[in-house]
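Novice: sequence and predicted model, in that order:
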Amino acid sequence: MDKFEAFEQFEAYQFDDNSREARRNRPGPKKKKDRRTQKIVHDIQEMDDGIENWVPSYAKALDPRHHERQWVIESVGPFYRDQMVTDVTRLVKGGKEANVYACTAHPATGLDLLAAKLYRPRMLRHLKNDAIYKAGRTLRDAEGKQLKGRREKLAMRKKTSFGKEVDIQWWIGNEYRTQTQLFEAGANVPKPIGHQGNTILMQYIGNEFGPAPTLSEVRLPQAEATALFERIMQNVALMLDNHLVHGDLSAYNILYWEGDICLIDFPQMVEARHNPHAYELLERDITRVCDYFASLGLERNPVALTRDLWDPYMGPGG
Ligand SMILES: Nc1ncnc2c1ncn2[C@@H]1O[C@H](COP(=O)(O)OP(=O)(O)O)[C@@H](O)[C@H]1O
Ligand SMILES: [Mg+2]
């Protein structure tokens, strides 16, 4: 019985055909029912405590007054309750938009380690700068349902608190759906596991000693450079095949692990067919990748590569 079922049961019992008044005046069944009420109330409290008293190892090391402690517990708590995560063990990286934490996976997920990406509330401030990425995108809610209502659109435009709520849910839901679509298409991206509120849960790339480094953090063996570059371009092509452009691809958003690459960080993803900046963004993505590999002695022409990749999928004249 989960918490909601318990609540339902409690409600059904409390508000059944007998009013409180009627029960109080009835001698026999009163005691029995009261015990049942107590038991259900107790069960619900137990379940509540299950989350409220959950203090993952990483949070234990923090001062109880430290805001990060509560933030981690509240953000990852729903995944703990849903039996996806059993512990949060370390901060992988803290950025200006999000913190990524390493988690111990619940066996039900079939994985050992998970990465939880927690968006900061502060990120809302940066959202107004995202017009370039939003252009051509349809407004969608967290579940991917198209938002048609005047109220939603007006709220988004005005940045009311309701608008911000729609915005952040849209943003995170969108990142999750895109990652799922790419994973299912066979791209090298961490397997997405779930999303709740401000958090995305996914496969962790790395091991118990530490996360996979980004390309910017390693010096690739020269012998691997060509093959890895091709691998990245195959992934860029696969994205285009799904009518997507990463939009923020660089050596900072590509992990290097066990001789292969893994692309991460998708909130800036754009729809190639609808976004008027898609071609420019693709060229920028490819240029950044080429710049990184140029330092390893690999000479590639990003302008020609962009055109050659774009044309077969999108038709000439991007
Ligand atoms: N699935 C993952 N496994 C291991 N490390 C990750 C994973 N996702 C992100 N990271 C680490 O966290 C950092 C930040 O994640 P990223 O998605 O790029 O967010 P942002 O750049 O917006 O802060 C990455 O540079 C990488 O080092
Ligand atoms: Mg990043």
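Specialist: Nice, I can see it. Ligands and ions are numbered 1, 2, ... in the order given.
Novice: please name the residues that touch the closest residue to T214 other than its chain neighbours.
Specialist: Nearest non-adjacent residue to T214, counting by C-beta to C-beta, 6 or more residues apart in numbering: Y252, 5.4 Å away. Heads up, the C-betas are built off the backbone N, CA and C, glycines and all. Going by C-beta atoms under 8 Å, 6 or more residues apart in numbering, Y252 touches T214, L215, S216.
Novice: sec struct for Y252, please.
Specialist: Counting by DSSP: H, G, I helix; E, B strand; the rest coil, the backbone at Y252 sits in coil.
Novice: out of the contacts of Y252, flag the one nearest to Q268.
Specialist: Set against Q268, the nearest of those by C-beta to C-beta is T214 (16.3 Å).
Novice: and that closest one, bridged to which residues?
Specialist: Beta bridges link T214 to L255, judged by DSSP bridges.
Novice: tell me the contacts of it?
Specialist: Contacts of T214 by C-beta under 8 Å, 6+ apart are A251, Y252, N253, I254, L255, Y256.
Novice: quick check, pLDDT for it.
Specialist: With respect to pLDDT, T214 has a value of 98.
Novice: the one 3 residues further on too?
Specialist: Among the per-residue scores, E217 holds a pLDDT of 97.
Novice: burial measure for it, as a count.
Specialist: 12 (other C-beta atoms under 10 Å).
Novice: can you give me every residue that contacts it?
Specialist: Taking C-beta under 8 Å, 6+ apart as the test, E217 contacts no residue whatsoever.
Novice: go again using 10 Å as the cut-off
Specialist: Going by C-beta atoms under 10 Å, 6 or more residues apart in numbering, E217 touches P211, A251, Y252, L255, Y256.
Novice: give me the buried entries from these.
Specialist: Among the contacts of E217, those scoring as buried are P211, A251, L255, Y256 (criterion: 16 or more other C-beta atoms under 10 Å).
Novice: what's the closest of these to ligand 1?
Specialist: P211 (3.8 Å; C-beta to the nearest ligand atom).
Novice: the closest residue to the closest one other than its chain neighbours in helix, strand or coil?
Specialist: Once flanking residues are discounted, P211 sits nearest to V92: 4.8 Å by C-beta to C-beta, 6+ apart. Following three-state DSSP, we place V92 in the strand state.
Novice: list the contacts for V92?
Specialist: V92 touches 99-103, 115-117, 204-206, 210-212, counting by C-beta under 10 Å, 6+ apart.
Novice: distance to W71 and secondary structure added to these, as CSV?
Specialist: Below are the contacts of V92 laid out as CSV (distance: C-beta to C-beta, whole Å; DSSP: H, G, I helix; E, B strand; the rest coil):
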residue, distance to W71, secondary structure
N99, 8, strand
V100, 13, strand
Y101, 10, strand
A102, 16, strand
C103, 15, strand
A115, 16, strand
A116, 11, strand
K117, 13, strand
Y204, 20, coil
I205, 23, coil
G206, 23, strand
G210, 23, strand
P211, 20, strand
A212, 25, coil
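Novice: identify, from these, the entry nearest to I264.
Specialist: Nearest member of the contacts of V92 to I264, counting by C-beta to C-beta, is I205, at 7.9 Å.
Novice: what residue ranges in the stretch 151-300 of the chain score low on pLDDT?
Specialist: 151-167 (pLDDT under 70).
Novice: and the closest residue to ligand 2 within it, what does it touch?
Specialist: Of all residues in the stretch 151-300 of the chain, D265 sits closest to ligand 2, at 3.7 Å by C-beta to the ion. D265 is in contact with 95, 97-98, 100, 117, 175, 179, 189, 214, 246-250, 252-255, counting by C-beta under 10 Å, 6+ apart.
Novice: hmm, back to that, out of the contacts of V92, who's the most crowded?
Specialist: With neighbours taken as other C-beta under 10 Å, the top of the contacts of V92 is C103, carrying 28 neighbours.
Novice: ok, now which ones touch that residue?
Specialist: Applying C-beta under 10 Å, 6+ apart, the residues near C103 are 56, 58, 72, 76, 79-80, 84-90, 92, 109, 111, 113-116, 193, 201, 204.
Novice: what about the residues you listed, which are in strands?
Specialist: Among those, the members falling in strands (DSSP state E) are 85-90, 92, 113-116, 193, 201.
Novice: those helices in this protein, which residues are they?
Specialist: Taking DSSP state H as the criterion, the chain carries its helices at 3-14, 20-24, 27-52, 57-60, 67-81, 131-134, 150-158, 161-184, 222-241, 278-294, 302-314.
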